[in-house]
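Student: got a sequence here, can you model it:
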Amino acid sequence: MAFPVIAVVGRPNVGKSTFVNRLMQNQDAIVHAVSGVTRDRSYHKADWNGVEFMLIDTGGIEFTSEDAFGDSIREQALMASEEADVIVLLVDGQTGVTSGDEEVARLLRRADKPVFLTVNKMDTPGRDGAIHDFWSLGLDTPWPVSALHGHGTGDLLDALVEALPPSEPEVESEAIGVAIIGRPNAGKSSLFNRLLGQERSIVSEVAGTTRDALDTLLQVGETQYRLVDTAGLRRKSQIDESIEYYSFVRAMRAIDRADIALLIVDSPLGVTDQDQRVARFAAERGCALVIVLNKWDVVDGPEAKAEVVEQVGMKLGFVGYAPVVRLSALTGSGVHKLFPLMERVYDAYSSTVSTSALNRVLTDLRATGHTISKHGVHLRLQYVTQTRQKPPGFTFFANHPRLVDENYRRYMENRLRENFDLEGTPIVLKFKSKD
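Tutor: Modelled structure (predicted):
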């Protein structure tokens, strides 16, 4: 379904993210008492009385700001307003009408779509006298609500969904979830925008710009992708602010629901310990993986490039199944290789290997005589079958599965990869007793 869209806009710190969470009845948006927490626009699916719609949470609109991101935040909020079917202008009932409210209202009065002036922080029901001043904004009837306590939000939602156009049915398709992950400032948002072909998220040279995970559907030929731009992953010991903590948690959730993770490595910097941690995290959670050597065009000379490639083999050898692509998100060089590679990796990630083919390989392995033994007891693998997909999982039935150690597990994984196309995907091996 193509859902109708409601954009929530307003000055900083009027409670937009709290309001979005109240409408969604969860803690999906980051809420924090610091100006500028929501920098990009973030999308949240919601419903009210059976009517489904999309909520856009935006950064605070400021016309005079010392924040380096002020212009970008304002642009993102205005883009959300253009994209929306209905706009909610949220204002602060405790501070009253401000010049910032008047500036935003002046912009929205030009919009050819419904605008709901919503006065937040009216925490005491029945004491709505403060809303009268907001008539001066020229946006019709003010709606008093308390995002914190929920007062008035039900009546507002009734009016919002009544103003929405009907949903447009679409042909259902299975989108491939792609999480763009990596250390801060490696170029994740630049690649995200390059793949998408528009300024969907704010790109900045300041680490940690993207704090919300942003989902966007993208059609490439007959394949649909769901791209998720996530906050830069830092070491947990470096996550001091609670905002950073919630961003880290959301990035983890993005990986958990992705099929493929693109690990963005800052090539001039080389492979770092943080890159290793991020790769391990994706592998442990069963994501297919593509290693993206970004900024390849600014790596100085063939020797430096060879050193980066060598670092990938040495430091990321535990995900040696992951293909490596070299590109520049900034110039677009090499980016065309990415979608065919993701499609190939996804095919492996969702592949099914027939039981007969697996057991032919097992028969050949038994013929080599390679096994392990302990205290005179020898391991014999009797049968193997695939027991899961995404990622592929294989269960071996054996006489003494407890004999299997990590070395033998790696040996069997390598033999499976030699015989079947499992590029880019982790595989799950289990060894069980025949009984």
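
Student: show me the strands in the stretch 151-300 of the chain, by range?
Tutor: Here the stretch 151-300 of the chain has its strands, by DSSP state E, counting those that start in this stretch, at 176-181, 214-220, 223-229, 260-266, 288-294.

Student: so which of these is nearest Val91?
Tutor: Minimum separation from Val91 across the strands of the stretch 151-300 of the chain (Cβ to Cβ) falls at strand 214-220, 25.7 Å. Placement of C-beta: from N, CA and C, glycine included.

Student: so who does the closest residue to Trp296 other than its chain neighbours touch?
Tutor: The shortest distance from Trp296 to any non-neighbouring residue, by Cβ to Cβ, 6 or more residues apart in numbering, is to Arg326 (4.2 Å). Contact analysis of Arg326 by Cβ atoms under 8 Å, 6 or more residues apart in numbering lists Ser267, Leu293, Trp296, Gly334.

Student: out of those, which are buried?
Tutor: Ser267, Leu293, Trp296, Gly334 (16 or more other Cβ atoms under 10 Å).

Student: so which of the strands of the stretch 151-300 of the chain gets nearest His375?
Tutor: Of all these, the one in closest proximity to His375, counting by Cβ to Cβ, is strand 288-294 (38.6 Å).

Student: which elements pack onto that closest one?
Tutor: helix 188-196, strand 260-266, helix 273-284, helix 301-315, strand 324-326, helix 338-349 (3 or more Cβ pairs under 8 Å, 6 or more residues apart in numbering; DSSP states H and E).

Student: neighbours around Pro401, how many?
Tutor: Under the neighbour criterion other Cβ atoms under 10 Å, Pro401 is assigned a count of 16.

Student: change the start of the numbering to 546 and stick with it
Tutor: Shifting the count to begin at 546 puts that one at Pro946.

Student: per-residue pLDDT of the residue nearest to Trp841, please?
Tutor: Looking at Arg871, its pLDDT reads 96.

Student: flag the shaky bits of this protein, pLDDT-wise.
Tutor: Within the chain, the stretches with pLDDT under 70 are 546-547, 571-586, 607-625, 670-674, 712-718, 743-759, 774-798, 980.

Student: per-domain residue ranges of it.
Tutor: 550-708, 721-894, 900-978 (automatic domain parsing).

Student: count the residues that sit near the closest residue to Leu702 other than its chain neighbours.
Tutor: Among residues not flanking Leu702 along the chain, Trp593 sits closest, at 4.5 Å (Cβ to Cβ, 6+ apart). Applying other Cβ under 10 Å, we find 16 residues neighbouring Trp593.

Student: again with Gly862
Tutor: 9.

Student: hey, what's the spatially most central residue of the chain bridged with?
Tutor: Per Cα atoms, centre = their mean, the C-alpha nearest to the average position across the chain is that of Val773, at 3.2 Å. Counting by DSSP bridges, Val773 is bridged to Ala724, Asp760.

Student: hmm, it is touching Leu763, no?
Tutor: No - with contact defined as Cβ atoms under 8 Å, Val773 does not count as touching Leu763 (11.1 Å).

Student: measure Pro971 to Gln931 for me?
Tutor: Using Cβ to Cβ, to the nearest Å, we find Pro971 at a distance of 14 Å from Gln931.

Student: neighbour count winner among these two?
Tutor: Neighbour totals were compared for Pro971 and Gln931, and Pro971 leads with 21 against 18 (other Cβ under 10 Å).
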